[in-house]
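A.B. asks: Let's see this in three dimensions:
(one chain, ligands or ions: 2)
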Amino acid sequence: MKLISQIPFKTLKSTPSGSDNRSTGYLLQAGFIRQELAGAYIFTTLGLRVLRNIETIVREEMNRIGSNEILMTALWSKEHWLQAWRWDEIDVLFKLPAAEGREYALNPTHEEIVTPLIGEFIRSYKDLENCSVYQLQWKFRNEKRAKSWLLRGREFLMKDMYSFHRSAEELDTYFDVVHAAYDRVYERLGLKDTTYYTFASGGDFTKYSYEFQTDVGIGEDMAYICTHCGQSHNEEIIDSKDFTCLECGKKECDVKKVSEVGNIFKLGTRFSDAFWLKYQDKEGKENPVYMGCYGIGISRLMGVIAEKFCDDKWLIWPETIAPYTHYMIVMGDNLERARALAEYLEKDGAQVLIDDRDTGFGSKAGDADILGIPYRIVVSDKTIAAGGYELKSRLMNDVEIIEIHA
Ligand code: ATP
Ligand code: MG
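C.D. replies: Residues are numbered from 1 along each chain as shown. Ligands and ions are numbered 1, 2, ... in the order given. Here you go, the predicted structure:
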(Lines give C-alpha, C1' and ligand atoms only; values in the text may rest on other atoms or scores of the structure.)
(Ligands and ions follow the chains in the order given, each with its own letter.)
Protein backbone atom coordinates (compact mmCIF):
# COMPACT_ATOMS: atom_id res chain seq x y z
CA MET A 1 0.00 0.00 0.00
CA LYS A 2 1.25 3.41 -0.86
CA LEU A 3 -0.09 6.88 -0.20
CA ILE A 4 -0.01 9.07 -3.25
CA SER A 5 0.79 12.11 -1.12
CA GLN A 6 4.22 10.55 -0.49
CA ILE A 7 5.17 10.39 -4.17
CA PRO A 8 6.95 13.49 -5.51
CA PHE A 9 6.15 12.79 -9.16
CA LYS A 10 2.94 14.29 -10.47
CA THR A 11 0.79 13.80 -13.55
CA LEU A 12 0.43 16.42 -16.27
CA LYS A 13 -2.91 17.95 -17.29
CA SER A 14 -2.41 17.25 -20.98
CA THR A 15 -0.58 14.67 -23.05
CA PRO A 16 2.83 15.91 -24.26
CA SER A 17 3.57 15.40 -27.91
CA GLY A 18 7.01 14.84 -29.31
CA SER A 19 7.02 11.14 -30.02
CA ASP A 20 5.94 9.14 -33.03
CA ASN A 21 3.68 6.97 -30.88
CA ARG A 22 0.81 7.83 -28.59
CA SER A 23 1.76 5.67 -25.61
CA THR A 24 4.98 7.62 -25.02
CA GLY A 25 2.81 10.71 -24.50
CA TYR A 26 0.76 8.82 -21.91
CA LEU A 27 3.87 7.53 -20.13
CA LEU A 28 5.14 11.11 -19.90
CA GLN A 29 1.79 12.48 -18.81
CA ALA A 30 1.57 9.90 -16.05
CA GLY A 31 5.08 10.82 -14.90
CA PHE A 32 6.36 7.26 -15.39
CA ILE A 33 9.40 8.27 -17.43
CA ARG A 34 11.53 11.29 -18.23
CA GLN A 35 14.19 11.77 -20.87
CA GLU A 36 17.77 12.47 -19.88
CA LEU A 37 18.97 12.54 -23.46
CA ALA A 38 17.59 11.08 -26.66
CA GLY A 39 17.91 7.35 -26.03
CA ALA A 40 18.36 7.39 -22.23
CA TYR A 41 15.39 7.47 -19.89
CA ILE A 42 14.69 7.84 -16.20
CA PHE A 43 12.07 5.60 -14.60
CA THR A 44 10.27 7.29 -11.72
CA THR A 45 8.68 5.43 -8.82
CA LEU A 46 5.56 4.18 -10.60
CA GLY A 47 7.28 3.68 -13.95
CA LEU A 48 9.96 1.63 -12.26
CA ARG A 49 7.31 -0.62 -10.76
CA VAL A 50 6.04 -1.32 -14.27
CA LEU A 51 9.56 -2.14 -15.45
CA ARG A 52 10.14 -4.37 -12.42
CA ASN A 53 6.89 -6.25 -13.06
CA ILE A 54 8.04 -7.07 -16.58
CA GLU A 55 11.42 -8.11 -15.20
CA THR A 56 9.81 -10.36 -12.61
CA ILE A 57 7.81 -12.29 -15.19
CA VAL A 58 10.93 -12.80 -17.32
CA ARG A 59 13.04 -13.77 -14.30
CA GLU A 60 10.49 -16.31 -13.10
CA GLU A 61 10.35 -18.01 -16.48
CA MET A 62 14.14 -18.14 -16.86
CA ASN A 63 14.47 -19.60 -13.36
CA ARG A 64 11.79 -22.13 -14.20
CA ILE A 65 13.93 -23.60 -17.00
CA GLY A 66 16.90 -23.88 -14.67
CA SER A 67 18.91 -20.90 -15.83
CA ASN A 68 21.08 -19.17 -13.24
CA GLU A 69 20.88 -15.43 -12.67
CA ILE A 70 24.17 -13.54 -12.63
CA LEU A 71 25.17 -9.90 -13.00
CA MET A 72 28.06 -9.04 -15.27
CA THR A 73 29.79 -5.69 -15.52
CA ALA A 74 28.87 -2.68 -17.59
CA LEU A 75 32.55 -1.84 -18.17
CA TRP A 76 34.60 -4.17 -20.30
CA SER A 77 38.22 -4.69 -21.04
CA LYS A 78 39.36 -3.99 -24.56
CA GLU A 79 41.33 -7.25 -24.53
CA HIS A 80 38.21 -9.40 -24.41
CA TRP A 81 36.74 -7.50 -27.30
CA LEU A 82 39.88 -7.88 -29.36
CA GLN A 83 39.97 -11.57 -28.60
CA ALA A 84 36.63 -12.14 -30.32
CA TRP A 85 37.53 -9.68 -33.06
CA ARG A 86 34.64 -7.37 -32.30
CA TRP A 87 36.40 -4.22 -31.01
CA ASP A 88 36.32 -2.68 -34.48
CA GLU A 89 33.47 -4.72 -35.88
CA ILE A 90 30.57 -3.52 -33.75
CA ASP A 91 29.67 -0.03 -34.91
CA VAL A 92 27.48 0.75 -31.91
CA LEU A 93 30.21 0.03 -29.35
CA PHE A 94 30.73 2.89 -26.89
CA LYS A 95 34.46 3.14 -26.32
CA LEU A 96 35.72 4.89 -23.21
CA PRO A 97 39.15 6.33 -22.66
CA ALA A 98 40.39 5.36 -19.20
CA ALA A 99 43.37 6.13 -16.95
CA GLU A 100 46.94 5.45 -18.12
CA GLY A 101 46.05 5.21 -21.78
CA ARG A 102 43.72 2.28 -21.33
CA GLU A 103 40.44 1.91 -23.14
CA TYR A 104 37.24 0.24 -22.03
CA ALA A 105 33.94 -0.47 -23.69
CA LEU A 106 30.43 -0.08 -22.30
CA ASN A 107 28.63 -3.35 -22.87
CA PRO A 108 26.24 -3.62 -25.84
CA THR A 109 25.91 -7.43 -25.31
CA HIS A 110 27.84 -9.92 -23.19
CA GLU A 111 29.23 -12.84 -25.19
CA GLU A 112 32.77 -11.57 -24.70
CA ILE A 113 32.49 -11.58 -20.95
CA VAL A 114 30.30 -14.63 -20.33
CA THR A 115 32.39 -17.01 -22.45
CA PRO A 116 35.68 -16.61 -20.53
CA LEU A 117 33.69 -16.53 -17.27
CA ILE A 118 32.13 -19.93 -17.95
CA GLY A 119 35.46 -21.15 -19.33
CA GLU A 120 36.88 -20.92 -15.84
CA PHE A 121 34.32 -23.42 -14.55
CA ILE A 122 33.98 -25.91 -17.39
CA ARG A 123 36.33 -28.90 -17.51
CA SER A 124 34.55 -32.12 -18.28
CA TYR A 125 31.35 -33.22 -20.01
CA LYS A 126 29.75 -33.42 -16.57
CA ASP A 127 30.01 -29.67 -16.15
CA LEU A 128 27.82 -29.18 -19.21
CA GLU A 129 24.83 -31.20 -18.16
CA ASN A 130 22.91 -28.04 -17.39
CA CYS A 131 24.79 -24.85 -18.05
CA SER A 132 22.75 -21.72 -18.62
CA VAL A 133 23.14 -18.25 -17.14
CA TYR A 134 21.25 -15.01 -17.57
CA GLN A 135 21.19 -11.47 -16.35
CA LEU A 136 18.95 -8.43 -16.35
CA GLN A 137 21.21 -5.56 -17.20
CA TRP A 138 21.49 -2.21 -18.86
CA LYS A 139 23.02 -2.30 -22.30
CA PHE A 140 24.70 0.59 -24.06
CA ARG A 141 24.64 1.05 -27.80
CA ASN A 142 25.76 4.06 -29.70
CA GLU A 143 22.74 3.89 -31.99
CA LYS A 144 22.84 6.42 -34.80
CA ARG A 145 19.27 7.31 -34.14
CA ALA A 146 17.41 6.78 -30.92
CA LYS A 147 13.82 6.24 -31.95
CA SER A 148 10.37 6.08 -30.46
CA TRP A 149 11.64 6.55 -26.90
CA LEU A 150 11.71 3.24 -25.02
CA LEU A 151 11.62 1.31 -28.28
CA ARG A 152 15.13 2.15 -29.37
CA GLY A 153 17.39 3.54 -26.69
CA ARG A 154 21.11 4.09 -26.35
CA GLU A 155 20.84 2.76 -22.82
CA PHE A 156 18.22 0.05 -22.38
CA LEU A 157 17.38 -2.87 -20.14
CA MET A 158 17.79 -6.36 -21.54
CA LYS A 159 17.50 -9.89 -20.28
CA ASP A 160 20.30 -11.82 -21.91
CA MET A 161 20.80 -15.51 -21.41
CA TYR A 162 23.63 -17.76 -22.61
CA SER A 163 23.67 -21.54 -22.69
CA PHE A 164 26.57 -23.98 -23.14
CA HIS A 165 26.33 -27.49 -24.56
CA ARG A 166 28.32 -30.57 -25.52
CA SER A 167 26.85 -30.90 -28.98
CA ALA A 168 24.70 -29.19 -31.57
CA GLU A 169 21.91 -31.66 -30.70
CA GLU A 170 21.95 -30.75 -27.02
CA LEU A 171 21.85 -27.08 -28.02
CA ASP A 172 18.82 -27.83 -30.24
CA THR A 173 17.01 -29.48 -27.35
CA TYR A 174 17.62 -26.57 -24.98
CA PHE A 175 16.70 -24.11 -27.71
CA ASP A 176 13.19 -25.60 -27.80
CA VAL A 177 12.95 -25.33 -24.03
CA VAL A 178 13.84 -21.63 -24.24
CA HIS A 179 11.35 -21.11 -27.05
CA ALA A 180 8.59 -22.53 -24.85
CA ALA A 181 9.71 -20.30 -21.96
CA TYR A 182 9.55 -17.26 -24.24
CA ASP A 183 6.02 -18.20 -25.28
CA ARG A 184 5.05 -18.24 -21.61
CA VAL A 185 6.71 -14.85 -21.06
CA TYR A 186 4.78 -13.18 -23.87
CA GLU A 187 1.58 -14.83 -22.77
CA ARG A 188 2.00 -13.53 -19.22
CA LEU A 189 2.81 -10.08 -20.58
CA GLY A 190 -0.48 -10.07 -22.47
CA LEU A 191 1.22 -10.03 -25.88
CA LYS A 192 0.74 -13.60 -27.03
CA ASP A 193 -2.03 -12.95 -29.57
CA THR A 194 0.02 -10.39 -31.46
CA THR A 195 3.54 -11.78 -31.10
CA TYR A 196 4.96 -13.74 -34.04
CA TYR A 197 7.81 -16.23 -33.95
CA THR A 198 9.74 -14.94 -36.91
CA PHE A 199 12.51 -16.32 -39.09
CA ALA A 200 15.32 -13.79 -39.37
CA SER A 201 18.84 -13.82 -40.68
CA GLY A 202 21.18 -16.29 -39.07
CA GLY A 203 24.93 -16.45 -38.65
CA ASP A 204 27.77 -18.71 -39.68
CA PHE A 205 26.40 -21.61 -37.70
CA THR A 206 22.70 -21.40 -38.33
CA LYS A 207 20.43 -20.62 -41.22
CA TYR A 208 18.03 -18.46 -39.26
CA SER A 209 17.83 -16.64 -36.02
CA TYR A 210 14.40 -16.42 -34.45
CA GLU A 211 12.76 -13.22 -33.39
CA PHE A 212 9.67 -12.57 -31.34
CA GLN A 213 7.99 -9.73 -33.20
CA THR A 214 4.98 -7.96 -31.71
CA ASP A 215 2.39 -6.22 -33.79
CA VAL A 216 1.12 -3.11 -32.02
CA GLY A 217 1.29 -0.90 -35.09
CA ILE A 218 4.65 0.61 -34.17
CA GLY A 219 8.19 -0.65 -34.50
CA GLU A 220 10.97 -0.75 -37.02
CA ASP A 221 10.61 -4.17 -38.59
CA MET A 222 8.25 -5.58 -41.19
CA ALA A 223 6.95 -9.12 -40.71
CA TYR A 224 5.69 -11.13 -43.66
CA ILE A 225 3.22 -13.61 -42.21
CA CYS A 226 2.16 -16.54 -44.35
CA THR A 227 -1.63 -16.62 -44.75
CA HIS A 228 -1.60 -20.42 -44.94
CA CYS A 229 0.66 -21.71 -42.19
CA GLY A 230 1.11 -18.53 -40.15
CA GLN A 231 4.91 -18.55 -40.29
CA SER A 232 6.33 -15.07 -39.93
CA HIS A 233 9.45 -13.84 -41.77
CA ASN A 234 11.55 -10.77 -41.18
CA GLU A 235 11.67 -8.62 -44.27
CA GLU A 236 15.47 -8.93 -44.28
CA ILE A 237 15.37 -12.59 -45.37
CA ILE A 238 12.73 -12.60 -48.08
CA ASP A 239 12.15 -11.20 -51.51
CA SER A 240 9.35 -8.79 -50.65
CA LYS A 241 8.20 -8.52 -54.27
CA ASP A 242 7.83 -12.25 -54.66
CA PHE A 243 7.09 -13.76 -51.26
CA THR A 244 7.45 -17.51 -50.82
CA CYS A 245 6.87 -18.93 -47.37
CA LEU A 246 10.05 -20.61 -46.12
CA GLU A 247 7.97 -23.04 -44.10
CA CYS A 248 5.20 -24.18 -46.49
CA GLY A 249 6.16 -22.70 -49.88
CA LYS A 250 2.88 -20.81 -50.41
CA LYS A 251 2.84 -17.31 -51.84
CA GLU A 252 0.29 -15.27 -49.90
CA CYS A 253 1.10 -13.26 -46.83
CA ASP A 254 0.03 -10.40 -44.56
CA VAL A 255 2.54 -7.67 -43.94
CA LYS A 256 2.70 -6.09 -40.50
CA LYS A 257 4.78 -3.41 -38.90
CA VAL A 258 6.26 -5.01 -35.80
CA SER A 259 8.64 -4.45 -32.95
CA GLU A 260 11.25 -7.03 -31.97
CA VAL A 261 10.69 -7.89 -28.31
CA GLY A 262 13.13 -10.79 -28.14
CA ASN A 263 15.24 -13.19 -30.09
CA ILE A 264 16.94 -16.54 -29.75
CA PHE A 265 20.06 -17.46 -31.61
CA LYS A 266 22.32 -20.47 -32.00
CA LEU A 267 25.86 -19.18 -31.79
CA GLY A 268 27.49 -22.55 -32.31
CA THR A 269 31.22 -22.37 -31.53
CA ARG A 270 31.83 -18.78 -32.68
CA PHE A 271 32.70 -17.52 -29.18
CA SER A 272 33.92 -20.74 -27.62
CA ASP A 273 36.52 -20.93 -30.41
CA ALA A 274 37.62 -17.35 -29.78
CA PHE A 275 38.05 -18.01 -26.04
CA TRP A 276 39.32 -21.63 -26.30
CA LEU A 277 36.30 -22.87 -24.39
CA LYS A 278 36.47 -26.68 -24.58
CA TYR A 279 35.46 -29.67 -22.50
CA GLN A 280 36.80 -33.20 -22.09
CA ASP A 281 34.49 -36.00 -23.09
CA LYS A 282 34.34 -39.46 -21.46
CA GLU A 283 37.41 -40.58 -23.39
CA GLY A 284 39.36 -37.53 -22.28
CA LYS A 285 39.22 -35.93 -25.71
CA GLU A 286 38.86 -32.13 -26.04
CA ASN A 287 35.72 -30.91 -27.80
CA PRO A 288 34.28 -27.51 -28.64
CA VAL A 289 31.41 -26.10 -26.60
CA TYR A 290 28.20 -25.10 -28.42
CA MET A 291 26.50 -21.93 -27.33
CA GLY A 292 23.10 -20.30 -27.64
CA CYS A 293 22.11 -16.74 -26.74
CA TYR A 294 18.67 -15.44 -25.94
CA GLY A 295 17.62 -11.80 -25.51
CA ILE A 296 14.50 -10.02 -24.33
CA GLY A 297 14.17 -6.24 -24.53
CA ILE A 298 12.73 -5.35 -21.11
CA SER A 299 12.53 -1.56 -21.44
CA ARG A 300 11.38 -1.83 -25.06
CA LEU A 301 8.63 -4.16 -23.80
CA MET A 302 7.39 -1.44 -21.47
CA GLY A 303 6.86 0.78 -24.53
CA VAL A 304 5.28 -2.02 -26.55
CA ILE A 305 2.93 -3.05 -23.73
CA ALA A 306 1.91 0.58 -23.13
CA GLU A 307 1.12 0.93 -26.83
CA LYS A 308 -0.93 -2.25 -26.87
CA PHE A 309 -2.91 -1.37 -23.78
CA CYS A 310 -3.92 2.18 -24.58
CA ASP A 311 -6.64 3.80 -26.64
CA ASP A 312 -7.08 7.34 -27.86
CA LYS A 313 -7.71 8.55 -24.32
CA TRP A 314 -5.40 6.71 -21.97
CA LEU A 315 -3.45 3.70 -20.78
CA ILE A 316 -5.01 0.74 -19.04
CA TRP A 317 -2.29 -1.62 -17.81
CA PRO A 318 -2.95 -5.35 -17.51
CA GLU A 319 -3.10 -6.32 -13.83
CA THR A 320 0.23 -8.16 -13.88
CA ILE A 321 2.09 -5.15 -15.30
CA ALA A 322 0.31 -2.24 -13.59
CA PRO A 323 2.31 -0.28 -11.00
CA TYR A 324 -0.57 -0.94 -8.60
CA THR A 325 -3.66 -3.03 -9.27
CA HIS A 326 -6.07 -0.76 -7.37
CA TYR A 327 -6.34 3.00 -7.19
CA MET A 328 -8.26 3.93 -4.06
CA ILE A 329 -9.89 7.32 -3.99
CA VAL A 330 -10.59 8.44 -0.45
CA MET A 331 -13.12 11.20 0.10
CA GLY A 332 -13.97 12.85 3.39
CA ASP A 333 -12.68 11.61 6.69
CA ASN A 334 -12.23 7.99 5.66
CA LEU A 335 -8.48 7.47 5.41
CA GLU A 336 -8.25 4.99 8.29
CA ARG A 337 -11.06 2.98 6.83
CA ALA A 338 -9.37 3.06 3.42
CA ARG A 339 -6.09 1.85 4.88
CA ALA A 340 -7.80 -1.04 6.60
CA LEU A 341 -9.56 -1.94 3.38
CA ALA A 342 -6.29 -1.75 1.43
CA GLU A 343 -4.63 -4.04 3.93
CA TYR A 344 -7.48 -6.48 3.58
CA LEU A 345 -7.34 -6.44 -0.23
CA GLU A 346 -3.57 -6.85 -0.23
CA LYS A 347 -3.94 -10.13 1.65
CA ASP A 348 -5.57 -11.33 -1.56
CA GLY A 349 -2.73 -10.14 -3.79
CA ALA A 350 -3.96 -6.65 -4.65
CA GLN A 351 -1.51 -3.74 -4.62
CA VAL A 352 -3.19 -0.56 -3.57
CA LEU A 353 -2.31 3.05 -4.26
CA ILE A 354 -4.33 5.29 -1.96
CA ASP A 355 -5.18 8.76 -3.18
CA ASP A 356 -5.23 10.55 0.16
CA ARG A 357 -4.73 14.04 -1.25
CA ASP A 358 -6.85 16.94 -0.17
CA THR A 359 -8.34 17.55 -3.62
CA GLY A 360 -11.66 17.10 -5.34
CA PHE A 361 -13.03 13.87 -6.67
CA GLY A 362 -12.56 14.98 -10.28
CA SER A 363 -8.80 15.36 -10.11
CA LYS A 364 -8.42 12.09 -8.21
CA ALA A 365 -10.52 10.20 -10.74
CA GLY A 366 -8.56 11.91 -13.51
CA ASP A 367 -5.26 10.63 -12.09
CA ALA A 368 -6.65 7.13 -11.72
CA ASP A 369 -7.31 7.24 -15.46
CA ILE A 370 -3.99 8.83 -16.39
CA LEU A 371 -1.99 6.26 -14.40
CA GLY A 372 -3.78 3.43 -16.17
CA ILE A 373 -4.46 1.43 -13.03
CA PRO A 374 -6.94 -1.36 -13.82
CA TYR A 375 -9.26 -1.10 -10.79
CA ARG A 376 -10.57 2.03 -9.15
CA ILE A 377 -12.08 2.06 -5.72
CA VAL A 378 -13.98 4.91 -4.11
CA VAL A 379 -14.34 5.09 -0.36
CA SER A 380 -16.56 8.00 0.66
CA ASP A 381 -19.36 8.79 3.07
CA LYS A 382 -21.73 8.11 0.19
CA THR A 383 -20.40 4.65 -0.67
CA ILE A 384 -20.23 3.73 2.99
CA ALA A 385 -23.85 4.78 3.43
CA ALA A 386 -24.67 2.59 0.42
CA GLY A 387 -23.03 -0.34 2.17
CA GLY A 388 -19.33 -0.35 1.31
CA TYR A 389 -17.01 0.87 -1.38
CA GLU A 390 -17.37 1.35 -5.09
CA LEU A 391 -15.25 -0.86 -7.33
CA LYS A 392 -14.83 -0.02 -10.97
CA SER A 393 -13.02 -2.22 -13.43
CA ARG A 394 -11.44 0.05 -16.01
CA LEU A 395 -11.21 -2.72 -18.59
CA MET A 396 -14.78 -3.95 -18.21
CA ASN A 397 -16.02 -0.48 -17.44
CA ASP A 398 -18.46 -1.80 -14.86
CA VAL A 399 -19.10 -0.41 -11.41
CA GLU A 400 -20.31 -2.26 -8.35
CA ILE A 401 -20.73 -1.57 -4.67
CA ILE A 402 -18.94 -4.08 -2.47
CA GLU A 403 -19.38 -4.52 1.25
CA ILE A 404 -16.50 -3.48 3.44
CA HIS A 405 -15.18 -6.43 5.42
CA ALA A 406 -12.12 -4.81 6.83
P1 ATP B 1 17.24 -4.63 -33.14
O2 ATP B 1 17.11 -5.50 -34.37
O3 ATP B 1 15.93 -4.09 -32.67
O4 ATP B 1 18.30 -3.59 -33.28
P5 ATP B 1 18.96 -6.60 -32.08
O6 ATP B 1 18.66 -7.58 -33.16
O7 ATP B 1 20.21 -5.86 -32.11
O8 ATP B 1 17.73 -5.57 -31.96
P9 ATP B 1 19.71 -8.02 -29.66
O10 ATP B 1 21.03 -7.41 -29.69
O11 ATP B 1 19.64 -9.48 -29.76
O12 ATP B 1 18.73 -7.34 -30.70
O13 ATP B 1 18.94 -7.58 -28.35
C14 ATP B 1 17.95 -8.38 -27.71
C15 ATP B 1 16.67 -7.58 -27.54
O16 ATP B 1 16.94 -6.30 -26.95
C17 ATP B 1 15.98 -7.24 -28.85
O18 ATP B 1 15.17 -8.30 -29.25
C19 ATP B 1 15.18 -6.02 -28.48
O20 ATP B 1 13.96 -6.39 -27.88
C21 ATP B 1 16.04 -5.33 -27.45
N22 ATP B 1 16.79 -4.20 -28.02
C23 ATP B 1 17.80 -4.25 -28.93
N24 ATP B 1 18.27 -3.02 -29.20
C25 ATP B 1 17.53 -2.15 -28.44
C26 ATP B 1 17.55 -0.73 -28.27
N27 ATP B 1 18.42 0.03 -28.91
N28 ATP B 1 16.65 -0.19 -27.40
C29 ATP B 1 15.78 -0.97 -26.74
N30 ATP B 1 15.73 -2.31 -26.85
C31 ATP B 1 16.59 -2.90 -27.69
MG1 MG C 1 17.22 -7.54 -34.73
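A.B. asks: Would you state the strands of the stretch 251-400 of the chain in chain order?
C.D. replies: Taking DSSP state E, counting those that start in this stretch, the strands of the stretch 251-400 of the chain run over residues 253-268, 278-280, 286-288, 290-297, 326-330, 352-355, 375-379, 388-393, 398-403.
A.B. asks: List just the one of those that sits closest to ligand 1.
C.D. replies: strand 290-297 (2.2 Å; C-beta to the nearest ligand atom). For glycine as for every other residue, the C-beta is placed from the backbone atoms N, C-alpha and C.
A.B. asks: In terms of secondary structure, what does the closest one contact?
C.D. replies: Where contact means 3 or more C-beta pairs under 8 Å, 6 or more residues apart in numbering; DSSP states H and E, strand 290-297 is packed against helix 111-119, strand 155-165, helix 168-188, strand 253-268, helix 270-274.
A.B. asks: same thing but at 10 Å, please
C.D. replies: Judged by 3 or more C-beta pairs under 10 Å, 6 or more residues apart in numbering; DSSP states H and E, strand 290-297 is in contact with helix 45-64, helix 111-119, strand 131-140, strand 155-165, helix 168-188, strand 208-214, strand 253-268, helix 270-274.
A.B. asks: Quick check: mean pLDDT of it?
C.D. replies: Here strand 290-297 scores 98 as its mean pLDDT.
A.B. asks: Repeat that for stretch 47-57.
C.D. replies: For stretch 47-57, mean pLDDT is 98.
A.B. asks: cool, and stretch 1-20?
C.D. replies: Mean per-residue pLDDT for stretch 1-20: 95.
A.B. asks: ok, now stretch 162-174?
C.D. replies: Computed over stretch 162-174, the average pLDDT equals 98.
A.B. asks: Please compute how far that stretch lies from its chain's middle.
C.D. replies: Chain-centre distance of stretch 162-174: 25 Å, with C-alpha atoms, centre = their mean, to the nearest Å.
A.B. asks: Check stretch 311-327 too.
C.D. replies: Averaging C-alpha positions (C-alpha atoms, centre = their mean) puts stretch 311-327 16 Å from its chain's average.
A.B. asks: Stretch 362-375 now?
C.D. replies: Mean-position distance between stretch 362-375 and its chain equals 24 Å (C-alpha atoms, centre = their mean).
A.B. asks: For Glu403, give me the pLDDT.
C.D. replies: 82.
A.B. asks: so it touches Tyr344, yeah?
C.D. replies: No: counting by C-beta atoms under 10 Å, Glu403 stays clear of Tyr344, with 11.3 Å between them.
A.B. asks: shared neighbours of those two, which are they?
C.D. replies: By C-beta atoms under 10 Å, 6 or more residues apart in numbering, Glu403 and Tyr344 have no common neighbours.
A.B. asks: who has more neighbours, these two?
C.D. replies: Tyr344 (14 against 7; other C-beta atoms under 10 Å).
A.B. asks: Might you report the residue contacts of the most centrally placed residue in the chain?
C.D. replies: Centre of the chain computed as the mean C-alpha position; nearest residue by C-alpha atoms, centre = their mean is Ile298, 2.2 Å away. Neighbour list for Ile298: 51-52, 54-55, 57-59, 136-139, 150, 156-159, 261-262 [criterion: C-beta under 10 Å, 6+ apart].
A.B. asks: any idea which of the strands of the stretch 251-400 of the chain is most buried?
C.D. replies: Mean neighbour count (mean count of other C-beta atoms under 10 Å) peaks for strand 326-330 among the strands of the stretch 251-400 of the chain, with a mean of 26.
A.B. asks: Parallel or antiparallel, which strands does it pair with?
C.D. replies: Here strand 326-330 is paired, per DSSP bridges, with strand 352-355 (parallel), strand 375-379 (parallel).
A.B. asks: Export the helices and strands packed on strand 290-297 as JSON lines, with columns for distance to ligand 1.
C.D. replies: Formatted as JSON lines, the helices and strands packed on strand 290-297 follow (distance: least, C-beta to the nearest ligand atom, whole Å):
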{"stretch": "helix 45-64", "distance to ligand 1": "11"}
{"stretch": "helix 111-119", "distance to ligand 1": "10"}
{"stretch": "strand 131-140", "distance to ligand 1": "7"}
{"stretch": "strand 155-165", "distance to ligand 1": "4"}
{"stretch": "helix 168-188", "distance to ligand 1": "11"}
{"stretch": "strand 208-214", "distance to ligand 1": "7"}
{"stretch": "strand 253-268", "distance to ligand 1": "4"}
{"stretch": "helix 270-274", "distance to ligand 1": "14"}
